[in-house]
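Let me see the structure of the following:
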Amino acid sequence: MKITRAVVPSLFTILNMFCGFLSITKSSEKEFAMACWFIIAASIFDSLDGAMARLTKTSSEFGVQIDSLSDIVSFGVAPAFLVYQLSLFQFEVSGVIISSLLMVMGGIRLARFNVQLVGFDKDYFTGLAIPLGALFIITFILNFLEGNILNPTAEKFLIPLVIMTSLLMVSKVRYETLPKFTRSDIRKHPLKIIGFLAGITIIIFTKGSGAFYILLFVILTGLVRHLIVMYKNQQFENKPEEDISSLDI
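Sure, this is the predicted structure:
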């Protein structure tokens with residue numbers, strides 16, 4: 001039986017979903033480090049399915065939908081269940097609600113993305129991408145995991161990080177997409193390419209421990225840039241009113 005090119009990206013998407021399921025099973029068995037690594041594996045397959053879709057020129061509506069379903073499993077349900085099993089279970093109902101934010105807000109983020117999607121090549125996302133949000137949380141956990149428990153000091157930051165990440169996913173803060181390493185992309189975004197390669201180098205030299213801090217930098221940079229743009233827009237909107245009032249005088 002002949003396998004069409006369109007199947008190739010979908011295979012990576014299904015592997016993404018399968019890794020998300022494996023992460024959930026490991027969280028239920030209290031193997032939290034493995035649960036984190038399966039989410040990382042899911043993110044690799046998630047990036048590969050997009051790359052393969054562009055390479056084979058087989059982007060489709062079906063691919064978008066199956067990708068979103070896989071993402072909600074791997075980067076919504078899996079990390080939400082992970083943080084609940086690891087720490088938030090002790091807060092009972094409040095813990096359920098807070099941990100579920102990663103899934104709920106991630107689902108809203110994906111739905112909004114699908115509705116607003118025009119074409120398959122974008123330079124930025126509106127709101128923190130759900131895979132990036134999941135990676136931010138699980139790299140934090142991996143950095144401060146001691147056996148099967150989170151470092152008590154680090155644990156105090158888990159809830160604020162979960163809430164912040166969840167809100168950023170449904171925000172209007174713009175975050176740049178990953179570089180595509182095409183000739184046009186290299187010419188258009190050389191700093192993005194350099195920054196990405198520098199980040200990978202830091203992660204390798206720190207044996208992975210630097211990943212959380214790089215993601216924190218990326219998230220905060222996007223947030224600060226958004227606040228600066230908001231401030232400048234506000235100043236611009238107020239300027240005509242000031243000019244008119246000065247003319248009246």
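
rest of the way, CA atoms for contacts and neighbours
Noted.

chain center to the helix or strand of the chain with the lowest mean pLDDT, what's the gap?
Ranked by mean pLDDT, DSSP states H and E, the weakest helix or strand in the chain is helix 183-188, scoring a mean of 72. Distance of helix 183-188 from the chain centroid (CA atoms, centre = their mean, to the nearest Å) equals 24 Å.

next SSE after it?
helix 190-205 (DSSP states H and E).

who touches the least confident helix or strand of the chain?
Pro179, Ile193 (CA atoms under 8 Å, 6 or more residues apart in numbering).

At which residues are the strands of this protein located?
Along the chain, counting by DSSP state E, strands occupy 124-126, 145-146, 149-150, 174-176.

of all these, which lies closest to Tyr213?
strand 145-146 (15.5 Å; CA to CA).

per-residue confidence averaged over that closest one?
Taken as a whole, strand 145-146 carries a mean pLDDT of 92.

try stretch 189-205
Mean predicted confidence for stretch 189-205 is 82.

cool, and stretch 41-55?
83.

So what's the gap between it and the chain middle?
That offset, for stretch 41-55, works out to 14 Å (CA atoms, centre = their mean).

how about the CA coordinates for that stretch, as PDB?
Extracted C-alpha coordinates of stretch 41-55, given in PDB (Å, rounded to 0.1, in the frame of the first residue of the first chain):
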ATOM      1  CA  ALA A  41       9.600  14.300  23.700                       C
ATOM      2  CA  ALA A  42       6.100  15.400  22.700                       C
ATOM      3  CA  SER A  43       7.400  18.900  22.100                       C
ATOM      4  CA  ILE A  44      10.100  17.500  19.800                       C
ATOM      5  CA  PHE A  45       7.600  15.500  17.800                       C
ATOM      6  CA  ASP A  46       5.300  18.600  17.700                       C
ATOM      7  CA  SER A  47       8.100  20.700  16.100                       C
ATOM      8  CA  LEU A  48       8.900  17.900  13.700                       C
ATOM      9  CA  ASP A  49       5.300  17.600  12.400                       C
ATOM     10  CA  GLY A  50       5.300  21.200  11.500                       C
ATOM     11  CA  ALA A  51       8.700  21.000   9.800                       C
ATOM     12  CA  MET A  52       7.600  17.900   7.900                       C
ATOM     13  CA  ALA A  53       4.400  19.600   6.800                       C
ATOM     14  CA  ARG A  54       6.400  22.500   5.300                       C
ATOM     15  CA  LEU A  55       8.900  20.100   3.800                       C
END
